[in-house]
Every structure is written in C-alpha cells, then in structure tokens.
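> Structure of the sequence below:
(chains A and B)
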Amino acid sequence: MNVTATPLDGNTASPDYSDFVHTDPGTLAGRFMRMFWQPVYRSQDLAVGKVVPLRIMGEDFTLYRGESGAAHLLAPRCAHRETQLSVGRVEGDCIRCFYHGWKYEASGQCEEQPAEEASFAGKIRIRSYPVEEYLGLVFAYLGEGTPPLLPCFSEFEIDGVLEVETFLRPCNYFNDLDNACDPLHVTFVHGDSRIDINRFIDSANLSAEENDFGLSITMPRTTHGGGLRINQYGMPNIQMLKLPPVDKAETEWRDFLSWRVPVSDYEYVSFNLNMVHLNGDEASRYKAARAEAFAKATATAADLAPDVLAGRTVIEEVKHRIPDVVRLQDDVVLVAQGVIPDRSQDHLGRSDVGVILLRKIWRRELEAVAKGQPIKRWARSPAIVATSGLS
Amino acid sequence: MTFISSSGAASSQVGYADFVRTDPGTLAGRFMRMFWHPIYRSQDLASGRRVPVKIMGEEFTLYRGESGVVHLLAHRCAHRGTQLSVGRVEGDCIRCFYHGWKYDGSGQCVEQPAEDVSFAAKIRIPSYPTEEYLGLVFAYLGEGSPPPMLRFPELEGEGVLENHTFVRACNFFRHLELDPAHIAFVHQDSPEAESGLTGIPTIECQETDYGFVFHGRRDEKVQTQHRLMPNASYFKVFPMDAESGWRDRAAWRVPVDDGHYVSFIADLVHVTGDAAQRYRERHSGKGKTSPPPIAELTAAVLAGKLAVEDVKDLGASVVFFQDEVALLAQGDIGKQGDEHLGPADSLVSLQRKLWARELTALAQGRPLKEWKRPGQLVATAGV
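Got it, this is the predicted structure:
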C-alpha cells in the first residue's frame, strides 16, 4: 500500500531564511522588519493639518498631523466604503473622510457618522499605529503587540546643525544594507567626492564583528598613523558612521545615521541624519551656503542616474549639475546591481567580510522568526560608537 | 502534426507564436543565435565608451577598448552583480564601478584590487565574438564557434556608406513580413512613390540558397529584393536627392525583446569624388536638427487623433513614419489566427513556411539548411 503524506498546513516548502528582499505583510523579512520602529516621514514635511498617504513595506497608511501638533498614523481607508482617508480633512486631532464625513480619532475609533441618523460609530474602529517623533523624523511601529523602546542616539541630541535628508531609490532596500557593510566601495565609487579620504584603508585588515547593536566594521587607515576607523551597523537597517567635514569651519567629523526602509520590494526610502558640528554664526553661514548650492543645481541625482544606467552619459559628464556627487554615485551603483539582485550569483571574497556577516546575522534572525523563537535583543550600549580613525 | 522537441517535451506544430519569441532557450531564440547579428552602430561607440545593450531579451556590456577594438561581455560583474557598463574602460579591459574588479576582453577577471588574496584567476564571465563590418558592430551570441559572417560585396565598393539605426516598439517578425505590395498603399504619398514605385505589383517569390528572392512586377518593370535568412535583407532604396541615384541597402531586424526590435541599416550611396563631397555637404546638416517625434505621431494616429495624411513635412522620414503606423497597427503579436492571406501575400506565406521548417528541424534535432549566398546578388529598383 502506498501512503502519501500530506502536510497539515498544505505548505511543503520550507521557508527561505535568506529571503531578505521581500517585506510585504506576512513575508519572513517583513515580519522581522516590523519588530522594530521605522522612520516613515520627515517631521518638517508634515505641517499641522497636513495628511498624506504613505506606503511602507508594501502596506498603505494614512499619516497626518493633528492641530495639537501630534502625528498620527492610521489605516489607509475609511471603514465605510473604502475611501482613501488622506483625501479627507484633519479636524482637531481627528481625520474626517472626504466621501461621507465619517470622523476618526487618532486611535482609529470612529466617532461621527454624520449621514447616519442612528450612528453605529461606536462599533467601528480602524487600525492605528504607535508614532513617535525623534531627531526630525516620524517613527512608527507597524508590528504586532507592544512596541519596543525607541532607540536613542545621544550623538544627535546635541547643539549643532542637524540635517535631515530623505530620498527614494528605485531598487530593493537590501542593496543599500549590503552597501552599508561594505566600506571598501568608497575606494572605487566615491574616489572623486567629498568622502574620498575614506578610501585610504587597509583592506587586508578589514574586520567585522557582531555586537549588541548589530555589527561593527573596523578598518585600519593607511594614513593618519593607521588609526582605526569603525563603522557601526544597527539591526535591522541602520547605518551609523563618521563622515569628513565639508565646510572649512568644521573642526570635527560629522555624525551620520541612516535608516533604509522598503516602500515596496522595488523601491526604498532612505532617512539620513547628518550632525554637522557647527554652532552660532558659523551654523547660519553654513546653512545659507548649502541652500545656495542646492538652489544652483540644474538636476537631481535621481534625474541623472537613469541616463548613466542606460549608457547615455557618464557620471563625470553630469556631476557639475548636482550639489553632491555622492548621492549620484550610490544611485548608479546600487541600481546597477539590479532592482532585486540574484545574490546566489555573487562571488564574495575576504573584502566582503561585512556583507558576509550581515547576511549571516539576518539569516539567523529570520530562522528564529520562522520557527517562532525569540530574536536577539538588539540594543546599543554606550561603548558602541563610530570612529573616524583620525587622531 | 505532433513531435518531440529536443527538450523531450511534446510540442504541437511550430507556428507564428514560435517565430516571434527569441529569449534565451526559446526555439526561435536558439535559431537566431546561430547567426551573427548587428548590435550597435560603430560610429556611436567611441573609444572608451561602454554601454548596456539588450538583444533577444538578453543583456550585455558593449565597449570599445583604447586600442579601438570592440568587446562584448556579460551584463554583470561576477562579484556582486553590478551592471558593468557603469564602470570604466582601461586599455582593452573594463573595470567594475563598485569594487574595481577588472575584466579583459575575453571575460577573464584580471584584478580584484580590494582582495589581498586575489582569486581573479577563478573568475571568468561570458564574452562574445564581435566584428565590425559596414559601419556596424556584429556579435555572435550563440554556442560553439561562430559561422562565417554574411558579407555584402555590393556595399563594399566605392561610394558614401551611411548607417541608420532605430528601435521600434513591435516584434521583429512584423518587419520581416513587410511585403512588396505594401508600398502601393502605405507609401503611396512618399518619396518612394515619387521615385516611380506606384501601382500594385504582381509578386513572385522563391526560396533560394540564402533565403528567398521576390520580384514585384509593374508592367515591364521588375523590383527585385533579397531576404537572407534569418533576418537580413538586400534591396535598392529610392534616391535621397536628384544627384545621388538609387542606393544599395543591407538591413537587419534584430529583436531587442519580444516587444521591440532594432533595425540596423547600411546604405551605399553611389557617388564618388566631387559628387561624394557635394552629397556629404548637402546632407551634413542632417542629424543636427532633432528628429521628428515619430513615436508620438504614430501613437496619435493609432488613437484616432490624427490621420496619416495630416502629418506633413517629414521629408524622407515619412516612409519610416508610414511603416511605423502600418506595423504598430497590427497590434499585439499572437493574433495570426485572424489573418486571411491571399496570393499577394506569397512572401509572408513562404517566409513562414521556411521558418516553420527550420524551427521544426531544430526542435527535432535534425540538421538545418546551410544558408549560402552567391558571389553576386542583383537587386533592382523596379522603376
């Protein structure tokens, strides 16, 4: 007698713990990423009373700032007849649907149904998500259960010029997570840019080590007395490092912190913080000079990258049109790997130690998620800092 | 008819749906890859320039080394998959933008600058034979040693050689089916008609050693054109101006993917000496003004916002525009069941018969016909 075993759940495929790229709801990496706070918008772009539709990890939301000044994140659609709530109006700290005026509190509780003589608002509640604002960014917790503590970055809580940048890039977010653990790319990609000093590192002695934050990548400089430059990577998608000064008045290296958040599997948004250590008049002068440089630009990196990728031009020919070539260099190289690269075709060498360790940690964590086991408790201790390697 | 393909799967009869699909592994894709194809225009590839090219659904990196030699490699670096065309040409090598892996023209990795212990010797990406001929870069994208390249001694003589290339948003097979009778309708108001090609021809079409030949008879005048398998043609084209006469044209229609093809054209204009100089002067301004927006005009015609005859002042480009409308108006590929072919469509019927025969042989693992052209081919204008 032949007996054919049928798995109870009907799913014979074992989960792919190496599938880091798909983050829609229900995916393994999507479940993992949703266990952490993620920045979703830049605070300065969300004025009081403004309401916007958001897409994060393939999921849609409604983000608005109430008249109290608090930011709120709700489900994308009204429960009545599925109207996109962002086309409605903010009233106090509530949002009112455009179609028939159902009004929701920030908790998602419906509290008015003006066209219903017997309101059933008390029975209607749409999903809402915890939101916090920190360092000029709106963070949201999109996962299940109680959110963890929002991580703290005291380096960015000091006086100085805090630049908050955000941009979209048309490729999978993991291209940039690999890139964050790959400091050697600076040598080749950014040789002709404001960060070119970071080219001079001893690749033979590059090392990567897991820590409580994520991993650190240590590289001895071949200049400046061989000081140790250390870049930090925070799980799951945070990069923290030191960047060289740009303005002549800067005496200290900048602190850089970045999150790469999937919009969908094919696009991500980067939230970058630069703490420029300038104060008072120097800070004002620096900000004015930077605004002027941006005003003079005749294109954006996002406009130019497709032409470079299509072979219609090269970076050297167009770099004078933008204020900062670093963005364009990364736009080109990260999209040049393919929107979703086939990592099984990679040939990694010793110089890829950071990338190898990052993927190893991710695989381990996704396996834990898949098996319902606890993931590692990631928390940065004060000793985990980025260094420039300059004395 | 049912037979077993070389992959072991049962296939139904080979038909139009097989002719139009040329991605790697498809039947027509395997057939087409047994021949050399033009993939770029030489004049567009200066020394040191590198570009991504897509041919038959497959992507490549094309560059011209500092020696002047053209090289065709795989699309991506073996390290972490970066598109090589965003890198830099060094000598006759190309260096990846991301971490500087360097490849020679054979695809062999020769440097991994970030690796203290290089494993470059173990890394080799595919490379493809290339040759420049008649102002075009040809490549052999198939398996094994390449066959001899098709030559056109008719275009190797004295005169002015001009190359044109354009991409059109339809399947390449549509263009292969442009037949001699279409001229009387599609191009009735064009320089082609003004040159004397008017009226409906009687069409004769025969298989030859190289593909097929067809004759369009209008009274005593015979227009003779040649098709060289699988996708080349040789014919006479109307004069660009009164002094230069009918041109000799070799043209190839190469799939970019199943929804696009690129035409590569080599024209020999029969003017020499002072006449050649004058011809060049008359036409030197061309290409400096922006070309007419053919794709937009065609879209407007297909949407019913414009009629073909509403579009004026396209000059010689009107022929191109008229073909574009006729080809795109046929719609998506795969509707051939709706067609009604008559005797005037003998080119279409014969060509489909040849393709079906060859693709069937290929699917069954039987030998294909060895296509060979004679030393001399005579094309006539028919005016």
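
> and the residue of the stretch 251-383 of chain B found nearest chain A, what helix or strand is that in?
Sorted by distance to chain A under Cβ to the nearest Cβ, the residues of the stretch 251-383 of chain B start with residue B:256, at 12.9 Å. The C-beta positions use only the backbone N, C-alpha and C, and glycine is treated the same way. According to DSSP states H and E, residue B:256 maps onto strand B:247-257.

> following that strand, which helix or strand shows up next?
Following strand B:247-257 in sequence order, the next helix or strand is strand B:260-269 (DSSP H and E).

> does any part of that next one sit near chain A?
No - taking Cβ under 8 Å from any Cβ of the partner chain as the criterion, strand B:260-269 and chain A are apart, separated by no less than 14.1 Å.

> hang on, isn't residue B:43 packed against residue B:162?
No - contact status for residue B:43 versus residue B:162: not in contact, 10.0 Å apart, counting by Cβ atoms under 8 Å.

> So which of the two has more stuff around it?
residue B:162 (19 against 11; other Cβ atoms under 10 Å in any protein chain shown).

> So the more buried one belongs to a strand, correct?
Yes - if the criterion is DSSP: H, G, I helix; E, B strand; the rest coil, then residue B:162 is within a strand.

> unless I'm mixing things up, it is touching residue B:270, no?
No - the criterion here is Cβ under 8 Å, and residue B:162 misses it with residue B:270 at 11.8 Å.

> Find residues that contact each of those two.
residue B:247 (Cβ atoms under 8 Å, 6 or more residues apart in numbering or on different chains).

> residue nearest the centroid of chain A?
The centroid of chain A falls nearest to residue A:260 when counting by Cα atoms, centre = their mean (2.3 Å).

> Tell me the pLDDT of it.
The predicted structure scores residue A:260 at 98 on the pLDDT scale.

> Now name the helix or strand holding it.
Secondary structure assigned from DSSP H and E places residue A:260 in strand A:254-264.

> by contact count, what packs against that strand?
strand A:38-42, strand A:51-56, helix A:173-180, strand A:238-243, strand A:267-276 (3 or more Cβ pairs under 8 Å, 6 or more residues apart in numbering or on different chains; DSSP states H and E).

> mind exporting stretch A:312-323 as CSV, just the C-alpha atoms?
This file holds the C-alpha atoms of stretch A:312-323, laid out as CSV (Å, rounded to 0.1, in the frame of the first residue of the first chain):
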residue,chain,number,x,y,z
ARG,A,312,23.6,57.7,-22.5
THR,A,313,26.0,59.6,-20.3
VAL,A,314,28.6,59.0,-17.6
ILE,A,315,28.9,60.5,-14.1
GLU,A,316,31.9,62.6,-14.9
GLU,A,317,30.0,64.5,-17.6
VAL,A,318,27.0,65.4,-15.4
LYS,A,319,28.3,65.7,-11.9
HIS,A,320,28.6,69.5,-12.1
ARG,A,321,24.8,69.7,-12.3
ILE,A,322,24.2,68.5,-8.8
PRO,A,323,25.3,69.7,-5.4
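
> Next, the buried residues of it.
By neighbour count with 16 or more other Cβ atoms under 10 Å in any protein chain shown, stretch A:312-323 contains the buried residues A:314-315, A:318-319, A:321-322.

> Can you read off the pLDDT for the closest residue to residue B:149 other than its chain neighbours?
Excluding the flanking residues, the one nearest residue B:149 by Cβ to Cβ, 6 or more residues apart in numbering or on different chains is residue B:36, at 4.7 Å. The confidence metric pLDDT takes the value 98 at residue B:36.
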